[in-house]
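J.: I would like to see how this sequence folds:
(2 chains)
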Number of protein chains: 2
Amino acid sequence: MSEKGAIIELLALLKLGRDTELNEQLEEMAVQDIAEAISQLDDESERLKLLMSLQQERRTDTFSYLPHSLQREMLVSLDDRDSRKILHELVPDDRTAFLENLDAEELEGFLKLLAPEDLKQSLKLLGYPEESIGRLMTPRFVSVRPQWTVARALDHIRHEANRGETVNFVFVTDNRGRLLDAVKLKDFILARQDAKVETLMDEEYYSVQASADREEAVQVIQHYDINTLAVTDKNGMMLGIVTVDDIMDVAEQETTEDFHKLGATGNVNISIREASPAFLYRKRIGWLMILVLVNLVSGLSIAMFEDAIEAVIALVFFLPLIIASSGNAGSQSATLMVRALAIGDVDTKDWLRLWGKEFSVALALGLTMGLAVSVIGAWRGGPDLAVQLAMVVGFAMLAVVIMGAMIGMLLPFLLQRFNMDPATASTPLITSVADVVGILIYFSIASAILSLPSPLS
Amino acid sequence: MSEKGAIIELLALLKLGRDTELNEQLEEMAVQDIAEAISQLDDESERLKLLMSLQQERRTDTFSYLPHSLQREMLVSLDDRDSRKILHELVPDDRTAFLENLDAEELEGFLKLLAPEDLKQSLKLLGYPEESIGRLMTPRFVSVRPQWTVARALDHIRHEANRGETVNFVFVTDNRGRLLDAVKLKDFILARQDAKVETLMDEEYYSVQASADREEAVQVIQHYDINTLAVTDKNGMMLGIVTVDDIMDVAEQETTEDFHKLGATGNVNISIREASPAFLYRKRIGWLMILVLVNLVSGLSIAMFEDAIEAVIALVFFLPLIIASSGNAGSQSATLMVRALAIGDVDTKDWLRLWGKEFSVALALGLTMGLAVSVIGAWRGGPDLAVQLAMVVGFAMLAVVIMGAMIGMLLPFLLQRFNMDPATASTPLITSVADVVGILIYFSIASAILSLPSPLS
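T.: Residues are numbered from 1 along each chain as shown, chains lettered A, B, ... in the order given. Coordinates of the predicted model:
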């Protein structure tokens, strides 16, 4: 991989103003790497210079790999002629991706730069719901009719491929545009030239509706190992295609969303490098304040046992250990379940079987950890309280690990059951809920074994 | 999506013994869905019946989508003739994936069933390191020479495509097998029949080495939006290809690994449905015990301040709140950083800039939360201690949120810096470390403001 080296060389040539060598270097580099280089520049005029040094076609390709914030900045800085050209040449799905991130006023400004045909198309694509497949698709695909000969179809494919369309799959539609089949390009090459297209059809094809959630496109492409997926309206009319590279980007975004939810940050759907402190603050403060409320319940639970604590102050020594272990076991269970639900490894109907398994795992974990800490309990208890304190912390550990694991396992299932995202059962939430339960269990056991004053007695 | 409906219908027909309709249903279904149906059956003989009802070619395809544990079970149950056939027909990368999950004894047994040519190939692929690209690749690809005409190349492509090879990309190699270029199949169709292959070459191609980590293949395919990636040895000799569908599976596995690390479970690299309780116990107990040690340090920190606690027992009320908030802020930071590092959004060299930003975010979060809890502090303090306790919890909250966020942000960077996986900075680990720091800060501030006995004085 000399990709990083090429980027550094390019930036050096730019800084030194060696334009001839700069242009040579640009020609050798992939557009994705040039976009990467542009993103690394801090100076706007240098970014523009690099972009404008490119030939028109490579310029638009490079542009399509830039972050949306840079795309906006550049289109504003360029004169209208250059902006129009770039907007016109963007493939429709990249154009939609750019436009959908603008606020209303900016959107209006950019829409004015579009050619009438592009404008119509963009408005149509933007009309699909956010995060729907329609927003991802490109309406450019190659379609042939069943009654055509292979020779005629290949002529048509050649013509369309020249216009830059994706042709690994060729779609067979009827005269009204209804999708009938998807055939591999390879099959057209293998076939006899005078055979009819319908002889190549096997009716094995996969399609999704434009209004469906983009998650569905991810699942179909992953499940059936295909590169190109047909998109139709609800009547089966072919509208466009979604390709595997778009799907990989979506899958990455959705996974990032899951990570962020599990970490109890709001969904930070832009680059951390670009996010402003104010934006990050807004995304994070909500959950932190909710968790403060849960933690106050922990405080109230402790307050209930203040008399017991005053009687045996050594109990406080084990408090962080007991409640943290409950949260840790819960975090583990929640993480395993949230991820398994996300990739479809388990389903809500599996909960009972998994509950049984999780219980036996938690029992074994709790026994191991309870035994380990009871030794420390005996030591802290000193000659008078050795046995009692060993029992208190041992039993408490066993109980809180099992409870934590149960909470961590069941909460994601419950959320999924009520059509909420299981990842909302974030590890901080599980930890905080486990704290409350852990405190109540620990001091109840302590009060009972040590015959201490208790709110329950 | 009638995928689930089809599976249910298939299973119903199987249970009812309606074989004619069963076979019709099987013919209509995709192999991926048949594999899904087989996995859902609890009875081994029913699983075998379904698999053996399929035509030979579809049988092997279906087999390749089954979980490895079922694949092993079926090959053991089938007679050697059927097992041999399936093993022979599996594409080489699927065969490697099956073989690499066996223990030594089983592996020996299955290797005996392989045809000499397959055996040679499998041993070679298994010779690459675990998680390397060599283990993923298939040695089946189509290559042509630069001096051939397009017509001759297309003849060759047709012949190879008939044997089932992947042909979206055609690889140009020299006479010794060294990779020269990768050309889209579409370009061969567009070109004049009598043109030389070398006229189609643009030397824009991407390749990785077989011994490299499979993560590299994921990155190259994602970064350059390609479907097929060439794999070479260190001298540039073409060895095989890796396709985007394999890469999506790898990306999913690697992300699952990250999730599990972040949740402090060991890497559970098999389905949760299939994992035994003993396996899950082993994967989880290690981190839990390590965390117990960290939590004992929390206990020791509290013990240092026992006199202060005895003097003002109300301090314990805020203990879970203060330490949990520290951990929650830290979990948020760690989650954001671990994910940003994993997808390449940020790099270790960005740490200083991100540190500055994280500090200002944490300051704002800490101020908000400190203000909120100081009100509660004033209430708990009663008439005598209202101001003091408000100050204690307010300042402590501000300090622990900032410290927690700093720990959560810096630990992943430090780990990455020393070539460890940043996801090792799991949220339970961050929480536990933040506990220790939070306890020390809280009681130090309390001792100072309330003039309590302190180990520091």
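
J.: rest of the way, CA atoms for contacts and neighbours
T.: Fine.

J.: contacting residues for the nearest residue to residue A:224 once chain neighbours are set aside?
T.: In space, residue A:224 comes closest to residue B:32 once its chain neighbours are excluded; the distance is 6.4 Å by C-alpha to C-alpha, 6 or more residues apart in numbering or on different chains. Residues near residue B:32 by C-alpha atoms under 8 Å, 6 or more residues apart in numbering or on different chains: A:223-224, B:62, B:65.

J.: give me the element residue B:32 is part of.
T.: helix B:31-40 (DSSP states H and E).

J.: buried ones in that helix?
T.: Neighbour-count burial for helix B:31-40 flags B:31-39 (criterion: 16 or more other C-alpha atoms under 10 Å in any protein chain shown).

J.: quick check: next helix or strand after that helix?
T.: That would be, after helix B:31-40 and using DSSP H and E, helix B:44-52.

J.: my read: residue A:327 touches residue A:437, true?
T.: No: using C-alpha atoms under 8 Å, residue A:327 is not in contact with residue A:437; the gap is 9.8 Å.

J.: so the two - more neighbours on which side?
T.: residue A:327 (34 against 22; other C-alpha atoms under 10 Å in any protein chain shown).

J.: look up the closest residue to that one, ignoring the ones flanking it.
T.: Nearest to residue A:327 is residue A:431, by C-alpha to C-alpha, 6+ apart, at 4.0 Å.

J.: export the helix or strand hosting that neighbour as PDB, just CAs?
T.: Using DSSP H and E, residue A:431 falls within helix A:427-450. Output in PDB follows, covering the C-alpha atoms of helix A:427-450 (Å, rounded to 0.1, in the frame of the first residue of the first chain):
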ATOM      1  CA  THR A 427     -24.000  -0.200  28.600                       C
ATOM      2  CA  PRO A 428     -24.200   2.900  30.800                       C
ATOM      3  CA  LEU A 429     -27.900   2.400  31.200                       C
ATOM      4  CA  ILE A 430     -27.400  -1.300  32.100                       C
ATOM      5  CA  THR A 431     -24.600  -0.300  34.500                       C
ATOM      6  CA  SER A 432     -26.800   2.300  36.200                       C
ATOM      7  CA  VAL A 433     -29.800   0.100  36.500                       C
ATOM      8  CA  ALA A 434     -27.600  -2.700  37.800                       C
ATOM      9  CA  ASP A 435     -26.200  -0.300  40.400                       C
ATOM     10  CA  VAL A 436     -29.600   0.200  42.000                       C
ATOM     11  CA  VAL A 437     -30.300  -3.500  42.000                       C
ATOM     12  CA  GLY A 438     -26.800  -4.300  43.300                       C
ATOM     13  CA  ILE A 439     -27.100  -1.800  46.200                       C
ATOM     14  CA  LEU A 440     -30.400  -3.100  47.300                       C
ATOM     15  CA  ILE A 441     -29.300  -6.800  47.200                       C
ATOM     16  CA  TYR A 442     -25.900  -6.100  48.800                       C
ATOM     17  CA  PHE A 443     -27.200  -4.200  51.800                       C
ATOM     18  CA  SER A 444     -30.200  -6.500  52.200                       C
ATOM     19  CA  ILE A 445     -28.000  -9.500  52.500                       C
ATOM     20  CA  ALA A 446     -25.600  -7.600  54.800                       C
ATOM     21  CA  SER A 447     -28.400  -6.500  57.100                       C
ATOM     22  CA  ALA A 448     -29.800 -10.100  57.300                       C
ATOM     23  CA  ILE A 449     -26.500 -11.800  57.900                       C
ATOM     24  CA  LEU A 450     -25.000  -9.200  60.200                       C
END
